[in-house]
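Student: got a predicted structure plus its sequence, pasted below:
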Amino acid sequence: MVKNIGSSDEFKQSVGTAVYSLVAFYAQWNGACKIMAPQLEKLSNTYANSSINFFKVDADELEDIASEAGVQAYPVYYVYSWGRVIDSRTTTSVDSLEALIKKYHNVPLPPKPIDPEREVVYTLDS
C-alpha cells in the first residue's frame, strides 16, 4: 500500500523515522504520473513484506517538500533512509522502478545515525 503524505510534518515523521522509504513525487495533471500510480501500488503490494515503506507526495500541494528534494521532473522516486536521500530515479518504466525497489528491499538495515544533523549517506553497489 502506498500512503499519501499530506503535510510537511507528516513527511518528516513518516520518512524521517523509517529505515527505507520510497517516495513518489507526482503531479495530478501529469499523464505519466497517472499511468505509473497504479503500477506503484501493485509494486508496493508485491514488496509489502520488504523493509521499504511506500509513500507518495503531490508535488503541487507540498511544494516545499518537492523543492527541498530537488524535484524537477515527474514521476520521480526517491529512496530515503532515516530521512536522508540515498537514491533516486526519474522513470516511466515499471521495470526501472522495480529495479530501484529490488535494490533496497532485502538489504541489511543500516544503523540509525546517532547525530541527526550529521550528513550520512548510505550507498549500495548496483
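Tutor: Okay, I see it.

Student: show the subsequent helix or strand relative to the helix with the most length in the chain.
Tutor: When the chain is parsed with DSSP state H, its longest helix is helix 31-46. As assigned by DSSP states H and E, the chain's next helix or strand after helix 31-46 is strand 52-58.

Student: now that following strand: mean pLDDT?
Tutor: Strand 52-58 carries an average pLDDT of 97.

Student: any idea how far that strand is from the chain center?
Tutor: Once both centres are worked out by C-alpha atoms, centre = their mean, to the nearest Å, strand 52-58 turns out to sit 5 Å from its chain's centre.

Student: direction included, what does that strand pair up with?
Tutor: strand 3-5 (parallel), strand 20-26 (parallel) (DSSP bridges).

Student: next, the angle from that strand to helix 31-46.
Tutor: 160 degrees (axes from the mean of the first three to the mean of the last three C-alpha atoms, to 10 degrees).

Student: one step back: can you put the strands paired with strand 52-58 in JSON lines and add distance to Glu61?
Tutor: C-beta: built from backbone N, CA, C; applies to glycine. Output for the strands paired with strand 52-58, formatted as JSON lines (distance: least, C-beta to C-beta, whole Å):
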{"stretch": "strand 3-5", "distance to Glu61": "9"}
{"stretch": "strand 20-26", "distance to Glu61": "10"}
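
Student: out of these, deepest packed?
Tutor: strand 20-26 (a mean of 26; mean count of other C-beta atoms under 10 Å).

Student: hang on, the earlier thing: buried sites along the longest helix of the chain?
Tutor: 33, 36-37, 40, 43-44 (16 or more other C-beta atoms under 10 Å).

Student: quick one: list the elements packing against it.
Tutor: Contacts defined by 3 or more C-beta pairs under 8 Å, 6 or more residues apart in numbering; DSSP states H and E place helix 31-46 against strand 20-26, strand 52-58, helix 94-105.

Student: ok now the first one, how far from the chain's centre?
Tutor: By that I understand strand 20-26. Chain-centre distance of strand 20-26: 2 Å, with C-alpha atoms, centre = their mean.

Student: which residues sit against that strand?
Tutor: By C-beta atoms under 8 Å, 6 or more residues apart in numbering, the list of residues contacting strand 20-26 from outside reads 2, 5, 14-15, 33, 36-37, 40, 50-59, 66, 69, 71, 74-81, 100-101, 104, 109.
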